[in-house]
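Visitor: sharing a model that was predicted from the sequence below.
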Amino acid sequence: MLKISNLPDDQKKGGVIAASAGNHAQAVAFASSIQSISSVIVMPKNASPSKILATRSYGAKVILEGNDYDESAEYVKDYAKRENRTIIPAFDDPEVIAGQGTIGLEILQQLDDVEEIYVPIGGGGLISGIAMAVKSSHPKVKIIGVESSAFPTMRESIKKKKITKLATGHTIADGISIKTPSDLTFDIVKKYVDEIVVVDDPSIVKTMFLLMERSKIVAEAAGAASLAYLLSLPKPQRRGKKVVSVISGGNVDMYLLGQIVSKGLMQTGRLLKIFVDLPDKPGALKKIVDEITKANINIVEVEHDRLSSNVPAGTAGVYLSLELENREKSKTLIDLFKKEKIIFSILK
């Protein structure tokens, strides 16, 4: 890491500290371990367990403080003064930005006639580095930043022509859930980035699922944001252009990954969850199973419920998880249920 490599010897001896939701944390911890520098990483209390574990595995001391990146960053300032440690900013630093800008150079080396580059935006360091690196030699290349719709911090700041702090928001893309950009990244983005767009969580979920299934790439939510925006566009808008989408991280929590698979299957019409009201008597469930068999649909999970308040006495509720080829199969099943007058509801 450029920033840590260039530290004076006295600062290396005193150790470093950084705030991060996870990706910068691991970079600082890894770079520090290579040079035998003591590192402390402050992460939000709700940080992904996998990111915490990975950061500790590189030898860093991890402190959980604050409810988001911004609060963790404030804690770092006081801690650094007390312990005389050097702060390694996640984005508000010229050397950090320069290091991230090497991605732009790699893109040009591999695709020198690229027309558009889409980059996730959190604090703005990554896109600042890429934009400056690319625009310095290829000024006509469009640089488009992609933010979470829950944290459109940079877009609002550019729109209002001043640093704008957002109150709260919620997104699975914790790596780009930043409330305030820095003066440095704001000025660079304002000068070099052509456009800033936003993407929502359902689009990110679908993209993470598609990346895993089609490309065998495990991307975290923040890392998949730029491609998620591209895939949300109508096909005519995507066709015929030489476009690069930067996938900027793969540190996804395993528990979240399980949810992504389930939600991705549901979004693509290949997993259907339904609740069926049945008379509580022999043969009632068989009738349902027979209809599912007719549609050539696989039953993944069955759960009986006789005790919940929404299940009348003398009846049974059955939750079914069904595996399908596509949405057409679900329509076939729904038509069969309606024809047989089976009472059911589709669960979201």
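Guide: Thanks, I have it.
Visitor: got a pLDDT number for the closest residue in space to residue 204 that isn't next to it in sequence?
Guide: Spatial nearest neighbour of residue 204, excluding adjacent residues (CB to CB, 6 or more residues apart in numbering): residue 228 at 4.6 Å. C-beta: built from backbone N, CA, C; applies to glycine. At residue 228, the predicted lDDT confidence score is 97.
Visitor: now residue 228: phi and psi?
Guide: Backbone torsions for residue 228, taken as degrees, to the nearest 10, come to phi -60, psi -40.
Visitor: what about it, distance to residue 195?
Guide: Distance from residue 228 to residue 195, counting by CB to CB, to the nearest Å: 16 Å.
Visitor: pick out whichever of the two has more residues nearby.
Guide: residue 228 (29 against 13; other CB atoms under 10 Å).
Visitor: any idea how far that one lies from residue 186?
Guide: 24 Å.
Visitor: my read: the residue nearest to residue 204 touches residue 209, true?
Guide: No. Look at residue 228 against residue 209 with CB atoms under 8 Å: they stay out of range, at 10.6 Å.
Visitor: and for those two, which residues touch both?
Guide: By CB atoms under 8 Å, 6 or more residues apart in numbering, residue 228 and residue 209 have no common neighbours.
Visitor: ok, residue 122 - contacts?
Guide: Here residue 122 is in contact with 69, 90, 91, 151, 175, 176, 177, 178, 222 (CB under 8 Å, 6+ apart).
Visitor: buried stuff in stretch 135-151?
Guide: 135, 138, 141-151 (16 or more other CB atoms under 10 Å).
Visitor: report the contact partners of the residue lying closest to residue 3 once chain neighbours are set aside.
Guide: Nearest residue to residue 3 in three dimensions, chain neighbours excluded: residue 95, at 4.3 Å (CB to CB, 6+ apart). For residue 95, the contacting residues are 2, 3, 6, by CB under 8 Å, 6+ apart.
Visitor: report pLDDT for residue 95.
Guide: What the model reports as pLDDT for residue 95 is 95.
Visitor: domain map for this structure?
Guide: The chain breaks down into these domains under automatic domain parsing: 2-87, 94-264, 269-347.
Visitor: residue 226 reaches residue 247, doesn't it?
Guide: Yes. Contact criterion CB under 8 Å: residue 226 and residue 247 qualify, at 7.2 Å.
Visitor: which one of these two has more residues nearby?
Guide: Shown here are residue 226 and residue 247; by other CB under 10 Å, residue 226 has more neighbours (28 against 19).
Visitor: check which helices and strands the host helix or strand of the more buried one sits against.
Guide: According to DSSP states H and E, residue 226 maps onto helix 221-232. Helix 221-232 sits against strand 116-120, strand 142-148, strand 195-199, helix 201-210, strand 243-245, with contacts defined as 3 or more CB pairs under 8 Å, 6 or more residues apart in numbering; DSSP states H and E.
Visitor: this protein: strands as residue ranges?
Guide: Assigned by DSSP state E, the strands in the chain fall at 16-19, 39-43, 61-64, 86-87, 116-120, 142-148, 195-199, 243-245, 271-279, 298-305, 315-323, 344-347.
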